[in-house]
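**Student:** Sharing a model that was predicted from the sequence below.
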Amino acid sequence: MSTNNAIGIAEVKHTGAYTLRVRWTKDRVLTLDLREPVFKLNGLRPLRDTAAFALTGVGEGGHSVVWPGEIDMGAARLLEMALEQNGRADAVEFIRWRWKHGLSLTDAAEALGLSRRQVAYCASGEHAVPRTVLLACKGWEAERQAAA
């Protein structure tokens, strides 16, 4: 099952010390502060140098943001972080539910009784995730646990 929501990175621009502006393939633009992972993850240690951090680009196929030295961060994780930082906890909760259960957009739509398009909007953060959908996710999960 693929959990990819088919959203890639179209453009990335360094906008500050550890800040990027990311334009996604569906023309959504979100600002992202990467200070925490840069100082928390050893693999990103070279990016603590702000000059090195500024040398960012889009990875092959728009699936990541890259820096010299073969350093990269995946588009899915960056979208999750950007949505969270931009006040979209609803979308983050929905994305994490899908990832936790390894659900494709189609599988999530079937599980929740929604259209694939509605699930795609929720997963991309394009639309607010209705509280009823988030509750349905919890109910689906509870049913699975009870059946196990």
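**Tutor:** Thanks, I have it.

**Student:** So which residues make contact with stretch 112-130?
**Tutor:** With contact meaning Cβ atoms under 8 Å, 6 or more residues apart in numbering, stretch 112-130 is reached by 5-7, 24, 26, 28, 79, 83, 88, 90-91, 93-95, 98, 105-106, 108-109, 133, 136-137, 140. The way it works is simple: take the backbone N, C-alpha and C, and place the C-beta from them, glycine included.

**Student:** What about those, which are in strands?
**Tutor:** Per DSSP state E, strands hold the following members of the contacts of stretch 112-130: residue 24.

**Student:** Can I get the buried ones among the contacts of stretch 112-130 as something I can paste into PyMOL?
**Tutor:** This is the PyMOL syntax for the buried subset of those, where burial follows 16 or more other Cβ atoms under 10 Å:
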select buried, resi 5+7+24+28+79+83+88+90+91+93+94+95+98+105+108+109+133+136+137+140
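
**Student:** Helices along this protein, start to end?
**Tutor:** In the chain, the helices defined using DSSP state H lie at 35-40, 50-53, 75-85, 89-101, 105-112, 116-124, 131-147.

**Student:** Of all those, which one is nearest residue 60?
**Tutor:** The closest approach between residue 60 and any of the helices of the chain, judged by Cβ to Cβ, belongs to helix 75-85 at 11.2 Å.

**Student:** so how far is that closest one from its chain's centroid?
**Tutor:** Here helix 75-85 is found 4 Å from its chain centre; the criterion is Cα atoms, centre = their mean, to the nearest Å.

**Student:** quick check: domain ranges of this structure?
**Tutor:** Annotated domains of the chain cover 9-74, 89-147 [automatic domain parsing].
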